[in-house]
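Undergrad: What follows is a protein structure lacking sequence information:
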Ligand code: AMP
């Protein structure tokens, strides 16, 4: 996942970048960083922790200049050391350079080995550092040509923003797997961000999405960014952005995330029509199940109720590395509304089941609180395959749908019934005007080495 942002042509660049990162905190909470460019020098501050903790007024005062790039980290490649926080900064023949990356490069190991064989030294475990080496080793005179040749060797899902002392280069891979949008800031300059929810806080107007295979070049000499189509587009945006990652108020590639989730809930309700089971209420797993539960309630006519309350001071459950911590965190995060659910038959909706920790715990909690029946509905298809395109799904063995059938999972989580969204209903819900990256559901790893 991760979030990236670039601000160009605004004297408050680093402040606006920190606000944008704050709105995209849901995409990564492990570490955050900003590089600004001022008077021919790049300044960087990065640290582990949340945006609001790392970017104090003092830190932002240090990050002077009218351009800045930023990153929120959610580890998919590399470790959790501070060295693995972004932006990645380096000095090389053409000057100073700083890079942020959202995605995952599938040929990173081969490239790294090749570079190490030739004597390169790496400081981090991140695939992003490969790109810096490839750019630095290239002999072309223009940075844009070096970037292009480095990208020619790079295979995978990526959105990069590369900042030199006076320019910014923005690139989205040819499949457009990870989202990236362009906006105009009302107080001056441009913003590029992983999600459009970042635009509101910096008072920017959405212009368009960065096209798959496109490079945008921001240069002080030009009023508008220059667009270069580097690669032939083969558009396959990630369906999981709509299922879980993106904030509901974001619009990704022209599609409102909230609406797509509501459609997913409606589709689940349509599939339940004619069933002999009766439910008293539709209960979302907050917050990720809320739009789908609203869709389900609207379609079925069954009332929507907040049967589970979320403590907002606990972060996303997935982030904790051990199973024990994940278990505890689910309990800290979600509590049942006993008076509402006691003796009732509940239709509970969550966006996805990955390892099965959350759903099992929720069913147990609701039953202990007196629910008569708990019927679980999942607003995405079964996740059977790990994702190598930038979403942190675990290994195959950890994925419950890889190990168990739907019936076995129903028993394991102790639900009275369990239903998933079909792949067809998922793509219908997002919009059938294009293909999507669906590898977690169908194992179609279409990005080939
Ligand atoms: P699990 O307990 O492993 O089945 O995780 C399922 C829960 O984690 C669901 O409630 C989702 O909202 C959330 N989730 C799904 N995928 C991810 C992910 N890649 N990172 C973080 N959380 C996720």
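TA: Done, it's in. The structure presented is a predicted model; accordingly, all values stated were derived computationally and were not measured.
Undergrad: Check for me that residue 221 belongs to a helix.
TA: No - applying DSSP: H, G, I helix; E, B strand; the rest coil, one finds residue 221 to be coil, outside a helix.
Undergrad: and it, how many residues sit next to it?
TA: Other residues within reach of residue 221, judged by other C-beta atoms under 10 Å, total 7. Where you see a C-beta, it was placed from the backbone N, CA and C, and this is true even at glycine.
Undergrad: what does residue 96 give?
TA: Neighbours of residue 96 (other C-beta under 10 Å): 18.
Undergrad: In contact with it, which residues?
TA: 41-42, 89-90, 164-165 (C-beta atoms under 8 Å, 6 or more residues apart in numbering).
Undergrad: and with 6 Å instead?
TA: Residues in contact with residue 96 (C-beta atoms under 6 Å, 6 or more residues apart in numbering) are 42, 165.
Undergrad: Distance of it relative to the ligand?
TA: Shown here: residue 96 relative to the ligand, a distance of 34 Å by C-beta to the nearest ligand atom, to the nearest Å.
Undergrad: What pairs with the helix or strand harbouring that residue, parallel or antiparallel?
TA: Assigned by DSSP states H and E, residue 96 belongs to strand 95-105. Sheet pairing of strand 95-105 (DSSP bridges) gives strand 88-92 (antiparallel), strand 156-163 (antiparallel).
Undergrad: Buried deepest among the ones you listed, which one?
TA: Burial among those, expressed as mean neighbours by mean count of other C-beta atoms under 10 Å, is greatest for strand 156-163, which shows a mean of 26.
Undergrad: Residues in contact with that one: which ones?
TA: 4, 6, 35, 37, 69, 98-106, 169-173, 177-178, 180, 389-390.
Undergrad: mean confidence score for it?
TA: For strand 156-163, mean pLDDT rounds to 97.
Undergrad: Quick one: the strands in the stretch 101-250 of the chain, in order.
TA: 156-163, 167-172, 181-185, 190-193, 204-209, 214-219, 226-229 (DSSP state E, counting those that start in this stretch).
Undergrad: Take those and write them to TSV, including distance to residue 60.
TA: Listed next are these as TSV, based on distance: least, C-beta to C-beta, whole Å:
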stretch	distance to residue 60
strand 156-163	17
strand 167-172	19
strand 181-185	16
strand 190-193	16
strand 204-209	18
strand 214-219	21
strand 226-229	29
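Undergrad: Nearest to residue 52, out of those?
TA: strand 190-193 (17.6 Å; C-beta to C-beta).
Undergrad: so what secondary structure elements neighbour the helix or strand bottoming out on mean pLDDT in the chain?
TA: Ranking every helix and strand in the chain by mean pLDDT, DSSP states H and E puts helix 323-333 at the bottom, with a mean of 75. When contacts are defined as 3 or more C-beta pairs under 6 Å, 6 or more residues apart in numbering; DSSP states H and E, helix 323-333 packs onto helix 357-368.
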